[in-house]
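Asker: Next comes the sequence, and after it the predicted model I'd like to discuss.
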2 protein chains.
Amino acid sequence: MQPLYIVKIGGNIIDDTGKLEHFLQDFAHIVGSKILIHGGGKIATEISKSLGIQPQLIDGRRITDADSLKVVTMVYAGLINKNIVAQLQAAQCNAIGLTGADANLIPAKKRQVGAIDYGFVGDIEAAKVNASILESFLDAGLTPIVAPITHDNAGNLLNTNADTIASTLAVALANHYEVRLIYCFEKKGVLRDVNNEESLIPKISPDTYQELRGNGVIAQGMIPKMDNALQALQEGVKAVYITHADDVLTITNQQKPAGTVLHL
Amino acid sequence: MQPLYIVKIGGNIIDDTGKLEHFLQDFAHIVGSKILIHGGGKIATEISKSLGIQPQLIDGRRITDADSLKVVTMVYAGLINKNIVAQLQAAQCNAIGLTGADANLIPAKKRQVGAIDYGFVGDIEAAKVNASILESFLDAGLTPIVAPITHDNAGNLLNTNADTIASTLAVALANHYEVRLIYCFEKKGVLRDVNNEESLIPKISPDTYQELRGNGVIAQGMIPKMDNALQALQEGVKAVYITHADDVLTITNQQKPAGTVLHL
């Protein structure tokens, strides 16, 4: 099977023009088929504030009311996505920006209201992901750039976690490609001590994950990312990396490990 | 050759949620291949004001400074484009939202500074329009929804006139399709008296256009639209209509004329 790199970049890279430019130059140089999934970052929060919309967070998760949905649609699908596309085009990478609504790529359901009403937040219907259209884009030499917005097939856009989009697309394409999923952020990888870049954990298996979670080394926002990543490995994704944005070409072009490698 | 309808909707329809929904229901029911190009409307102006960005206009044309470019990218490529896509998906139309940067669809040049510096405004490089990728999308059953943003292949997005995008794409696809170009707006068509809907001019040729322009019936914003449209006919587009948004299915599915028909 042909290799495919699915790369996710987080908000800390998107928020820094210089870091983003540097990353996109590297991304453009990944040899072979690739997909980029981007998050949002602080820009949505800043635009919200400028528009007088107060962002609501519960347990660190953004509540997406109708006004907030407008903002994330503008910022994620418009401002961030299209600027990434234009920069990649300048770097000779034939990028195409997409949300989960485009070509019915990622159908989702509005999250059911439980203890918390998250608002217009989408939980992906993984079985309905339109992998074949992504394959046809990749076959045509296009590089999909996916914004973290999905839709419910009833006319509503839904704010959706970018990490989950990345792992879901990785699984959906694992039947036809040798998929490597790379989560890029501003640290070297999963660290034993978050303040010490030398404390990188080079490998994590499901067993060591339970141990690291048990003793609190892996906590909070890293937990859903790790759960997604290990699930992706179990569902046929070849490898998952959590690494610094600067190290993406080490993994893809030099084919060496970098950051934290997750394995079964 | 296979028929293809290229439909452009203006700001007055986009600004009115009810009108837009009604139009999109009709558009979804157009039989066969179709492309939608949308403008912007008042939403960009309103968002600009809310963000404290004062829109600049010279001779009724928006000057696109860096801040305004951010706003139109957010509003045209994000908010408007993705909401149209989601609504069409709900109506069983497999829409895909695109700007001219996506898949390098519409390369443009930043308009040269003359008497007026229009800022980040793009003049399309018609010879470089990527018609083949649009054809492959249409062949795959996708319906492209194009926002009026292009790019300069050097990393810059550019604000671009939606009427011109529509006629340029019509010409670019005229070699492979029997293209009909339909400009939809809130009036019945080109009117002799703009305040009298009964004064519709049913047909316009290059000769009658010169006459109507000479006596001031066709003036201002209608002139570039007409120039584009007649040029498109000369370059192989089968027919051009300027008509009310409610009449689009009359032309496409009933194959009857509606509004003003332009002919050579």
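Answerer: Great, that's in hand.
Asker: OK, contacts around the residue lying closest to A:Lys203 once chain neighbours are set aside?
Answerer: Distances taken as CB to CB, 6 or more residues apart in numbering or on different chains put A:Val261 closest to A:Lys203, at 5.3 Å, once the chain neighbours are dropped. C-beta coordinates here come from the backbone N, C-alpha and C atoms, glycine included. A:Val261 is in contact with A:Pro202, A:Lys203, A:Ile204, A:Ala239, A:Val240, A:Tyr241, counting by CB atoms under 8 Å, 6 or more residues apart in numbering or on different chains.
Asker: So the third one is in contact with A:Met226, correct?
Answerer: Yes - contact criterion CB atoms under 8 Å: A:Ile204 and A:Met226 qualify, at 7.4 Å.
Asker: Contact partners for A:Glu197?
Answerer: Neighbour list for A:Glu197: A:Lys187, A:Lys188, A:Leu191 [criterion: CB under 8 Å, 6+ apart].
Asker: coming back round to it: shared neighbours of A:Ile204 and A:Met226, which are they?
Answerer: Where contact means CB under 8 Å, 6+ apart, the residues bridging A:Ile204 and A:Met226 through contact with each are A:Val190, A:Leu262.
Asker: before we move on, the earlier item: with the contacts of A:Glu197 in mind, which one is nearest to chain B?
Answerer: Top of the list for closeness to chain B, among the contacts of A:Glu197 and by CB to the nearest CB, is A:Lys187 at 27.5 Å.
Asker: sorry, back to before: among the contacts of A:Glu197, which one is most surrounded by other residues?
Answerer: Neighbours were tallied for each of the contacts of A:Glu197 (criterion: other CB atoms under 10 Å in any protein chain shown), and the maximum of 21 neighbours falls on A:Lys188.
Asker: pretty sure it is in a strand, no?
Answerer: No - using DSSP: H, G, I helix; E, B strand; the rest coil, the assignment for A:Lys188 is coil, not a strand.
Asker: burial of the residue lying closest to A:Leu230 once chain neighbours are set aside, as a residue count?
Answerer: The shortest distance from A:Leu230 to any residue other than its chain neighbours is 5.6 Å, reached at A:Pro206 (CB to CB, 6+ apart). Using other CB under 10 Å, the number of residues around A:Pro206 comes to 13.
Asker: Please report the confidence value the model assigns to A:Pro206.
Answerer: A:Pro206 is assigned 93 on the pLDDT scale.
Asker: and what of the one 10 residues further on?
Answerer: At A:Gly216 the predicted local confidence, pLDDT, stands at 91.
Asker: Assign the closest residue to chain B within the stretch 1-150 of chain A to helix, strand or coil.
Answerer: Per CB to the nearest CB, the residue of the stretch 1-150 of chain A with the smallest distance to chain B is A:Gly78, at 2.3 Å. Counting by three-state DSSP, the backbone at A:Gly78 sits in helix.
Asker: How about it, nearest residue that isn't a chain neighbour?
Answerer: Distances taken as CB to CB, 6+ apart put B:Gly78 closest to A:Gly78, at 2.3 Å, once the chain neighbours are dropped.
Asker: how near is the one you found to B:Val194?
Answerer: Applying CB to CB, to the nearest Å, one obtains 33 Å for the distance of B:Gly78 from B:Val194.
Asker: And the two? Which one has more around it.
Answerer: B:Gly78 (30 against 12).
Asker: Can you pull the residues of the stretch 51-200 of chain A lying near chain B?
Answerer: By the criterion of CB under 8 Å from any CB of the partner chain, the positions of the stretch 51-200 of chain A lying close to chain B are A:51-52, A:70, A:73-79, A:81-83, A:85-87, A:89-90, A:94-99, A:101-104, A:133, A:136, A:140, A:142, A:149, A:151, A:153-157.
Asker: right, and A:Ala95 touches A:Asn83 too?
Answerer: No - the pair A:Ala95 and A:Asn83 does not pass the contact test of CB under 8 Å, sitting 10.8 Å apart.
Asker: Among the two, which residue is more densely surrounded?
Answerer: Residue environment comparison for A:Ala95 versus A:Asn83 gives the larger neighbour count to A:Ala95, 28 against 24, counting by other CB under 10 Å.
Asker: Contacts only, for A:His244.
Answerer: Taking CB under 8 Å, 6+ apart as the contact definition, A:His244 lies against A:Cys184, A:Phe185, A:Glu186, A:Lys187, A:Lys188, A:Gly189, A:Ala258, A:Gly259.
Asker: who touches the nearest residue in space to A:Asn12 that is not next to it in sequence in this structure?
Answerer: With CB to CB, 6+ apart as the measure, A:Glu186 is the residue that lies nearest to A:Asn12, at 4.3 Å, once sequence neighbours are left out. When contacts are counted by CB under 8 Å, 6+ apart, A:Glu186 touches A:Gly10, A:Asn12, A:Ile13, A:Lys19, A:His244, A:Ala245.
Asker: Which helix or which strand is home to A:Leu158?
Answerer: Applying DSSP states H and E as the criterion places A:Leu158 in strand A:157-159.
Asker: how distant is that strand from the center of its chain?
Answerer: Offset of strand A:157-159 from its chain centre (CA atoms, centre = their mean, to the nearest Å): 15 Å.
Asker: if we can go back for a sec, I figured the residue nearest to A:Leu230 hits A:Gln231, correct?
Answerer: No - between A:Pro206 and A:Gln231 there is no contact under CB under 8 Å: 10.0 Å.
Asker: Not counting stretch A:113-133 itself, show me its contacts.
Answerer: In this structure, residues lying in contact with stretch A:113-133 by CB under 8 Å, 6+ apart are A:58-59, A:61, A:63-66, A:68-69, A:100, A:103-111, A:150-152, A:156-160, A:164-165, A:168-169, A:171-173, A:175-176, B:140, B:142.
Asker: Using ChimeraX, make a named selection holding only the buried ones among those.
Answerer: The following ChimeraX selection, which keeps only the buried ones among those, applies the criterion 16 or more other CB atoms under 10 Å in any protein chain shown:
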select /A:63,64,65,68,69,100,103,104,105,106,107,108,109,110,111,150,151,152,156,157,158,159,160,164,165,168,169,171,172,173 /B:142
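Asker: so the one residue in the stretch 151-264 of chain A that gets nearest to chain B, which of the three states?
Answerer: Of all residues in the stretch 151-264 of chain A, A:Gly155 sits closest to chain B, at 3.8 Å by CB to the nearest CB. The three-state label for A:Gly155, taken from three-state DSSP, comes out as coil.
Asker: And for A:Pro144?
Answerer: Secondary structure of A:Pro144, per three-state DSSP, is strand.
Asker: so what's it up against?
Answerer: A:Ile35, A:Leu36, A:Ala95, A:Ile96, A:Leu98, A:Leu134, A:Phe137, A:Leu138.
Asker: Understood, closing this out.
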